[in-house]
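**Q** Following is a predicted model, sequence given first.
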Amino acid sequence: MPKISDILPQYKKDMTINGLSAQSIKSYISDIKPMIKFMQEKNFNNSANSFLHQLYVNKYKSSTIARKIVSLKRFAKFLNETVSAKAPRFENPLPRFLEKRDVMAILDNEKLKENFRDKAIMELFYCGLRIGEMAKIKISDTSSNLQIIRIYGKGSIERIVPITTDASNALRIYINKNNIKRYIFTNRSGNPISVRGIRNIVYKWSQAALGYRINPHSLRHSFATHLLENGMGIRTIQTLLGHSSINTTERYAHVNISLLIDQYKKSFPLK
């Protein structure tokens with residue numbers, strides 16, 4: 001087998017040529033790097049299975065193991081090798097979301113309103129953006145009235161996202177107060193904000209409002225669930241979220257049905 005020091009640069013180049021985003025490439029490389037120490041064996045499949053066995057022994061989540069198997073199979077294909085391991089079965093959890101009052105508790109925080117960058121970020125999550133999409137928004141992606149944003153989502157699929165008045169106002173004030181050249185959201189050094197930086201912003205303001213941290217995607221999930229509760233069609237929600245498959249969006253319908261059953265049990269007068 002070629003030296004790993006020679007393989008990784010070639011593998012990165014191959015993924016770049018095939019149109020993978022920088023974040024996807026980083027994730028794939030991160031998944032396969034821990035397997036390097038198992039590559040002393042001549043047989044690639046044995047090395048991969050030894051590595052995966054350690055993940056099972058150390059009780060990694062099934063979702064994590066499944067992701068690493070996908071990464072290993074992609075890497076194996078690049079090397080013209082094979083991996084016989086199959087992804088473990090695991091439950092596909094329903095999206096976690098917040099009650100409307102909890103979302104409002106976060107977004108209406110008086111101190112948050114004084115931080116226009118963070119306010120705009122938090123509001124945009126409640127417009128359905130993904131964390132990776134948030135980090136890449138450019139000034140050229142916004143409309144002149146700051147009421148819609150052009151988003152390039154997974155697979156470079158473009159979609160138009162209308163944003164709320166509160167998100168638009170926070171974004172307008174933030175842009176006017178800062179000399180925005182290209183990327184809208186930047187760190188203190190003026191560089192595009194990282195995904196980790198955005199995640200820490202969500203942690204900070206959710207902790208302040210609710211007393212516990214939430215995942216950034218919880219606001220996106222809450223946005224979808226609340227739209228469904230208010231009667232919006234599932235196909236429209238699919239478009240707003242940028243889901244390529246309606247099956248992904250239908251998970252929110254399952255959440256809504258569960259809520260409906262709970263409310264029925266609490267409200268129906270007959271036992």
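**A** That came in fine, so what should we check first?

**Q** Next, count neighbours for Lys61.
**A** Using other Cβ atoms under 10 Å, Lys61 is surrounded by 11 other residues. All C-beta spots, glycine's among them, are computed from the backbone N, C-alpha and C.

**Q** for the stretch 151-271 of the chain, what spans make up the helices?
**A** Using DSSP state H, counting those that start in this stretch, the helices of the stretch 151-271 of the chain run over residues 165-177, 195-210, 216-229, 234-241, 246-267.

**Q** just those helices: most buried one?
**A** helix 216-229 (a mean of 21; mean count of other Cβ atoms under 10 Å).

**Q** so for that one, what's the average pLDDT?
**A** For helix 216-229, mean pLDDT is 87.

**Q** C-alpha coordinates for it, PDB please?
**A** Provided in PDB are the C-alpha atoms of helix 216-229 (Å, rounded to 0.1, in the frame of the first residue of the first chain):
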ATOM      1  CA  PRO A 216     -28.000  25.100  16.500                       C
ATOM      2  CA  HIS A 217     -30.100  22.700  14.400                       C
ATOM      3  CA  SER A 218     -32.800  22.700  17.100                       C
ATOM      4  CA  LEU A 219     -33.800  26.200  16.000                       C
ATOM      5  CA  ARG A 220     -34.000  25.000  12.400                       C
ATOM      6  CA  HIS A 221     -36.100  22.000  13.500                       C
ATOM      7  CA  SER A 222     -38.300  24.300  15.600                       C
ATOM      8  CA  PHE A 223     -38.900  26.500  12.500                       C
ATOM      9  CA  ALA A 224     -40.000  23.500  10.400                       C
ATOM     10  CA  THR A 225     -42.200  22.100  13.200                       C
ATOM     11  CA  HIS A 226     -43.900  25.400  14.000                       C
ATOM     12  CA  LEU A 227     -44.700  26.000  10.300                       C
ATOM     13  CA  LEU A 228     -46.300  22.600  10.000                       C
ATOM     14  CA  GLU A 229     -48.300  23.300  13.200                       C
END
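
**Q** Can you say which of the helices of the stretch 151-271 of the chain is nearest to Phe44?
**A** helix 195-210 (31.3 Å; Cβ to Cβ).

**Q** ok now stretch 68-75, how far from the chain's centre?
**A** 20 Å (Cα atoms, centre = their mean, to the nearest Å).

**Q** Buried residues of it, list them for me.
**A** Going by neighbour count (16 or more other Cβ atoms under 10 Å), the buried part of stretch 68-75 is 68-69, 71-75.

**Q** ok, these vs Ile214, which is closest?
**A** Nearest member of the buried residues of stretch 68-75 to Ile214, counting by Cβ to Cβ, is Lys68, at 26.0 Å.

**Q** What's the separation between that closest one and Ile32?
**A** Between Lys68 and Ile32 the computed distance is 8 Å (Cβ to Cβ, to the nearest Å).

**Q** likewise Glu114?
**A** According to Cβ to Cβ, Glu114 and Ile32 sit 44 Å apart.

**Q** do Ala76 as well
**A** 10 Å.

**Q** neighbour-wise, which of these two wins?
**A** More crowded of Ala76 and Ile32, by other Cβ under 10 Å: Ile32, with 22 against 17.

**Q** How about that one: what's its closest non-neighbour residue?
**A** Spatial nearest neighbour of Ile32, excluding adjacent residues (Cβ to Cβ, 6 or more residues apart in numbering): Phe75 at 5.0 Å.

**Q** hang on, the one you found in a helix?
**A** Yes - judged by DSSP: H, G, I helix; E, B strand; the rest coil, Phe75 forms part of a helix.

**Q** quick one, what contacts it?
**A** Under the criterion of Cβ atoms under 8 Å, 6 or more residues apart in numbering, the neighbours of Phe75 are 11, 28, 32.
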